[in-house]
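Asks: Would you be able to build a 3D model of this:
(one chain, ligands or ions: 1)
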Amino acid sequence: MALHRLASITIGVPNVEETSAYYEEFGLSRDGAIFSTSDGGEQLRIVRSPSRRLIDLCIGADDPDDLGRVTERLTGLGVTVQPDTTSISAVEIHSGARAVIKVLPRISQDPAVMEPHNGPGRSDRQNARAPGLLRELPIRPRKLGHVVIGTPDAEASQRFFVDGVGFKVSDQVRGAAAFMRCSTDHHNLLLQPSPVAFLHHTSWQVEDVDEVGRGAMRMLEGHPERHVWGLGRHFIGSNFFWYLRDPAGNFSEYYSDMDTITDDQLWTPGTWEPSLRALYAWGPDVPPSMLEPEDLADLMAAAHQG
Ligand SMILES: [Fe+2]
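Replies: The predicted structure is shown next:
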């Protein structure tokens, strides 16, 4: 049948314990080096590496035939594929990330409760405060949504993931970003050109915009240095966002209300020129660190040594 989900990722950081504590606080359940979401199960592994990076990403496929097709396409691109009993894997050499494609069950999510909203001439919620304001439970991301990486050869990396693995391009910003999906989410992987490979951010789905705001505000209590960018709404993908910085320098995003693409025939991929609109519909000014990592010089030095 097809690829159907971004199942999990492994990230490498120099400061494992500090970074692990951060993701626990972010709302993921921790079991040693493994972190889970409420709907997606085990979706993040944190291991040691000299500089921060995406080590692997695991993509769920429906059946063994899918693995055969991916193997054929990757081999056609000259990529070496490692077969395993229920999975195959291959390294994308420019980003350094290993793609693992594995036969896995599809994710099933209990639908978020549709809460009543008032609007002009329409009072669906009467004589009651907005439920989103009354929540007190800690934020628990529902699932991993997407991962964004910088790569020194974005075109070659895109060929690997699109022509090889089978991702579909949902939208592009010319010379700056390719938004790609392996599920019905608008994007599960985003590649951006960069002088050095690095992990830009991981993104985690929460219930709604109230949870985006509430989650970020909780993370900022006593830690204002974690703030990166938010609250805002992206134009490409439509999602509400708030980005925070983990202790290794990776960004982590709470998001809600992303576009879904359930019928390829009904979605027209767009190509935008690099512009602020391509980055967001509304929100605070884009911080320079979103466009270029503050530790770029360190990352390049590490890449040189590695
Ligand atoms: Fe994002």
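Asks: which residues touch residue 293?
Replies: Going by C-beta atoms under 8 Å, 6 or more residues apart in numbering, residue 293 touches 150, 198, 200, 249, 299. No exception for glycine: its C-beta is placed from N, CA and C like everyone else's.
Asks: any idea of the pLDDT on it?
Replies: Per-residue confidence (pLDDT) for residue 293: 91.
Asks: Quick one: neighbours of the nearest residue to residue 103 once chain neighbours are set aside, just the number.
Replies: Nearest in space to residue 103, with sequence neighbours left out and distances taken as C-beta to C-beta, 6 or more residues apart in numbering, is residue 86 at 5.1 Å. Residue 86: 12 surrounding residues under other C-beta atoms under 10 Å.
Asks: now swap in the one 5 residues further on and tell me
Replies: When counting by other C-beta under 10 Å, one arrives at 16 neighbours for residue 91.
Asks: swap in residue 80?
Replies: 10.
Asks: Check whether it really touches residue 92, as I assumed.
Replies: No. Contact between residue 80 and residue 92 fails when scored by C-beta atoms under 8 Å: they sit 11.5 Å apart.
Asks: so where is this structure shaky, pLDDT-wise?
Replies: 1, 306 (pLDDT under 70).
Asks: what lines up beside the top strand by length along the chain in the sheet?
Replies: Counting by DSSP state E, the longest strand found in the chain is strand 3-13. Strand 3-13 has the following strand partners under DSSP bridges: strand 41-48 (parallel), strand 53-61 (antiparallel).
Asks: Filter the contacts of residue 293 down to the ones in strands?
Replies: Per DSSP E, those map to strands at 150, 198, 200.
Asks: got a list of what the first one touches?
Replies: When the contact criterion is C-beta under 8 Å, 6+ apart, the partners of residue 150 are 95, 191, 192, 193, 194, 196, 197, 198, 199, 200, 293.
Asks: Equivalent analysis for the second one, please.
Replies: The neighbourhood of residue 198, defined by C-beta under 8 Å, 6+ apart, consists of 51, 52, 53, 149, 150, 293, 299.
Asks: out of the strands paired with strand 3-13, which comes closest to the ion?
Replies: strand 53-61 (13.8 Å; C-beta to the ion).
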